[in-house]
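Enquirer: My questions are about this predicted structure, shown below with the sequence.
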Amino acid sequence: MQSGLNILGWLPAGVMLIFSSGLAFAFNRLRGRSERIEKERIRYLQLFQQAHDGAIVLNVANGKILLINPRAAEMLGYTPEELSIGSIFDLHFQVDLDRSAMRIADAWSSGGLVYDDIPLRTASGASLQVECSAKVTDYNGTPAVVIYIRDITERLRLQNEVEEKNALVEHQNAEMLSGLRYAQGIQLAMLPSLSQLRASFADAFVIFKPRDVVSGDFYWSAKVGSKTVLAVADCTGHGVPGALLSMTGITLLPQIVTGRGITGPAEILGELRDELLRTLSHQEGDEHVRDGMNIGVITYDKITRECEFSGALCPLYIVRRSGLFEEVKGDRIPIGFVEGVVNSFSSHLIPMEEGDRMYLASDGMADQFGGPMGKKWKTSGLKEVLVRTHGRNACGQGKDIERTFMEWTGTVDQIDDVLLVGVQV
């Protein structure tokens, strides 16, 4: 028994020693954790007080202001002491109270919220436009919401200024587009109608697709006795600059052909080049204008069934009734300023038979990107479709060619004006 009592007497002392050591270890851990928490709290309060944005901590239950930093007080024109005895609702206008309460409730339920549709009322009674970022927090054991506020007055001013400028630009663009639409109407009115072409030929089609509203491509036709003159031109540029040149060409051609009775294509091109240079020339000593046009001209005589052709960087395509394809190349001379010796344009006399078709085109189709590889259609693509569709009437052929071209283009932007005129003997 004595031995057992000694053992029992020794065990409590050991247990107490272990318990004391464990308690001391746990206490030290708790104290260290408490110190870290206190340091973090002090650091948070320092950051809170020094924040560039205004910050307000609110009691989520009643909106009472629990803490406010100097930046918020400065923005609102109060002292921190004045604000510490009020609530967030003291900083709102009457019309915004319900919405403010809803925002705080929404922030509490969702854990955070950003809004900018509730201005704050300053000490002077002015309205301060702010962006608020509300986050759920805890303040001394009280459920709270901290609201960071940022003055967005300057941002809204700049935003309004941008919106006003955008509205002005949109108005100016609308006026410009209206003017272009009007110019488009004038340009289209000066082009020959399809019925006019069909009055001179057995059949005809026109594919005319400006890249912009107005076009640098144009076509023109006139009858002089038994002869019909047809011209297709591609002016430098597109849009407004190209359209201005096209209108110049449309104005000069009637003066040359119907005014002076000139029907030979080579002579027409020579006169057109001289007239265009005179129209575009600057004062003596200035450099020549480099703008001009590529153009093809055919003169078809219904009596002799002969076609005379001249081209300035523009070929003539012929598909015979049998399906045979022919190409007559133009001269490598533009209608415009040329350095050095100016050569005359050459002329080609081509016998035609009933059912033969002639085609003049700008380079818009050939230069268009598209297809599965995003490459140019090229003149080979145009020639192929001309031959493949020649068996249809002119109207049907024009529709087939346009559909094929649009399928090739796909979603790729049109890069240039497109013009193709086909006429049948």
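Expert: Yes, it's here. Numbers count the residues shown, from 1 in each chain.
Enquirer: Going by C-alpha atoms from here, please, whenever you check contacts or count neighbours.
Expert: Will do.
Enquirer: Contact partners for residue 258?
Expert: Shown in contact with residue 258 (C-alpha atoms under 8 Å, 6 or more residues apart in numbering): 222, 224.
Enquirer: tell me the SS of it?
Expert: Residue 258 carries the three-state label helix when classified by DSSP: H, G, I helix; E, B strand; the rest coil.
Enquirer: And for residue 204?
Expert: Following three-state DSSP, we place residue 204 in the strand state.
Enquirer: Give me the pLDDT for residue 179.
Expert: pLDDT recorded at residue 179 is 87.
Enquirer: how deep is it tucked in, by neighbour count?
Expert: When neighbours are counted by other C-alpha atoms under 10 Å, residue 179 registers 12.
Enquirer: Doesn't it lie inside a helix?
Expert: Yes: according to three-state DSSP, residue 179 belongs to a helix.
Enquirer: Against residue 220, how distant is it?
Expert: Distance, residue 179 to residue 220, by C-alpha to C-alpha, to the nearest Å: 24 Å.
Enquirer: again, but for residue 311
Expert: Distance, residue 311 to residue 220, by C-alpha to C-alpha: 14 Å.
Enquirer: and what of residue 411?
Expert: From residue 411 over to residue 220 (counting by C-alpha to C-alpha), the distance is 31 Å.
Enquirer: Those two: which has the busier surroundings?
Expert: Neighbour count, other C-alpha under 10 Å: between residue 411 and residue 220, residue 220 has more, with 20 against 10.
Enquirer: and the closest residue to that one other than its chain neighbours, how many neighbours?
Expert: Distance criterion C-alpha to C-alpha, 6 or more residues apart in numbering; nearest residue to residue 220, sequence neighbours excluded, is residue 231 at 5.2 Å. Neighbours of residue 231 under the rule other C-alpha under 10 Å: 24.
Enquirer: What backbone torsions are found at residue 231?
Expert: Backbone torsions of residue 231, given as degrees, to the nearest 10, read phi -130, psi 140.
Enquirer: who's in contact with it?
Expert: 219-221, 295-298, 360.
Enquirer: Out of the residues you listed, which sit inside helices?
Expert: Counting by DSSP state H, no part of the contacts of residue 231 is found in helices.
Enquirer: Would you mind splitting the protein into its domains for me?
Expert: What automatic domain parsing lists as the domains of the chain is 2-155, 178-424.
Enquirer: Any idea which of these has the lowest pLDDT on average?
Expert: Among these, domain 2-155 scores lowest, with a mean of 79.
Enquirer: still on that earlier bit, okay, the domains of the chain in a markdown table with distance to residue 170 next?
Expert: What follows is those, written out as a markdown table (distance: least, C-alpha to C-alpha, whole Å):
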| stretch | distance to residue 170 |
| --- | --- |
| domain 2-155 | 22 |
| domain 178-424 | 12 |
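Enquirer: Quick one: closest of those domains to residue 166.
Expert: Closest to residue 166 of the domains of the chain, according to C-alpha to C-alpha: domain 2-155, at 16.1 Å.
Enquirer: now the closest residue to residue 325 other than its chain neighbours: how far from residue 83?
Expert: Of all residues not flanking residue 325 in the chain, residue 319 sits nearest, at 4.6 Å (C-alpha to C-alpha, 6+ apart). Distance of residue 319 to residue 83, computed by C-alpha to C-alpha: 91 Å.
Enquirer: How about residue 110?
Expert: 27 Å.
Enquirer: Residue 218 now?
Expert: Separation of residue 218 from residue 83 (C-alpha to C-alpha): 76 Å.
Enquirer: next one: residue 230
Expert: 87 Å.
Enquirer: And for residue 356?
Expert: Between residue 356 and residue 83 the distance is 94 Å, computed by C-alpha to C-alpha.
Enquirer: So if I had to pick from these two, which one is more boxed in?
Expert: residue 83 (22 against 18).
Enquirer: Now do the phi/psi pair for that one.
Expert: With angles defined as degrees, to the nearest 10, residue 83 sits at phi -80, psi -30.
Enquirer: these two touch, right, it and residue 65?
Expert: Yes: between residue 83 and residue 65 there is a contact at 7.1 Å, judged by C-alpha atoms under 8 Å.
Enquirer: give me the element residue 150 is part of.
Expert: Taking DSSP states H and E as the criterion, residue 150 maps to strand 142-151.
Enquirer: Within the sheet, what are the partner strands of that strand, with directions?
Expert: As defined by DSSP bridges, the strand partners of strand 142-151 come to strand 54-59 (antiparallel), strand 130-139 (antiparallel).
Enquirer: can you give me the offset of it from its chain's centre?
Expert: Strand 142-151 sits 41 Å away from the centroid of its parent chain (C-alpha atoms, centre = their mean, to the nearest Å).
Enquirer: buried residues in that strand?
Expert: Residues of strand 142-151 classed as buried: 144-151 (neighbour count, 16 or more other C-alpha atoms under 10 Å).
Enquirer: And residue 411, how close does it get to residue 269?
Expert: Applying C-alpha to C-alpha to residue 411 and residue 269 gives a distance of 38 Å.
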